[in-house]
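Chemist: Sequence first, then the predicted structure, then my questions.
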Amino acid sequence: TDGTIYSVAALSASLDLAESYPTKDNTLSSGEIVMLDVANPMFVSRGIQGSSMSVMGIVSTNPGFWLGGFNDDMYKNDKKLPIALSGRVPTKVNNEGGVIEIGDKIALSSTAGVGKKATSTDYTVGTALESMNNEQGTIEVFVNLDNPVKSKDVVALESRVLALELNLANTALTISTSTD
């Protein structure tokens with residue numbers, strides 16, 4: 001029955017938080033990176049590099065906490081998957097972006113659903129908790145969706161451009177008010 005649960009602490013032997021999402025792709029499996037399904041609102045599909053759809057997470061193997069879905073009656077005939085939103089989860093990767101080291105950001109590779117070492121312009125799905133120097137494999141990844149990785153130089157350059165834009169705007173404002 002429906003009710004309220006009160007707790008001071010909870011313990012789980014598994015290590016990720018997942019939410020249930022329906023999919024039309026019955027071949028999706030644990031460890032694959034998924035995105036919103038452009039053809040089916042509220043559904044997920046295998047992640048495809050270069051897609052305009054947002055990466056949602058990674059199909060969990062065994063979630064520590066699996067949050068229920070939404071409107072289960074409406075999607076009762078569809079496959080539902082636990083999509084890891086945070087925490088540690090085994091993730092399929094390849095060496096397309098180079099050798100993966102601990103701490104590297106992971107992004108979608110050109111192989112649908114499979115991750116790679118991220119470049120500075122990739123949207124990332126998480127951080128590698130293990131190294132991998134094979135052609136392909138599965139590693140533990142801490143899920144933390146993020147915008148493109150930016151080097152310190154890019155961040156510094158963006159800050160300088162913003163300062164110049166503000167200075168230019170202030171100069172234009174001063175010129176505008178002094179001619180009135």
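Modeler: Noted; the coordinates are in hand. Numbers count the residues shown, from 1 in each chain.
Chemist: would residue 110 count as being in a helix?
Modeler: No: judged by DSSP: H, G, I helix; E, B strand; the rest coil, residue 110 forms no part of a helix; its state is coil.
Chemist: so how far is residue 55 from the residue lying closest to it once chain neighbours are set aside?
Modeler: Using C-beta to C-beta, 6 or more residues apart in numbering and skipping residues adjacent in sequence, the residue nearest residue 110 is residue 49, 5.3 Å away. The way it works is simple: take the backbone N, C-alpha and C, and place the C-beta from them, glycine included. Distance, residue 49 to residue 55, using C-beta to C-beta, to the nearest Å: 10 Å.
Chemist: residues shared between the contacts of those two?
Modeler: residue 108 (C-beta atoms under 8 Å, 6 or more residues apart in numbering).
Chemist: Give me the more crowded residue out of these two.
Modeler: Set side by side, residue 49 and residue 55 show more neighbours around residue 55, with 24 against 17, by other C-beta atoms under 10 Å.
Chemist: From residue 48, how far out is residue 118?
Modeler: Separation of residue 118 from residue 48 (C-beta to C-beta): 16 Å.
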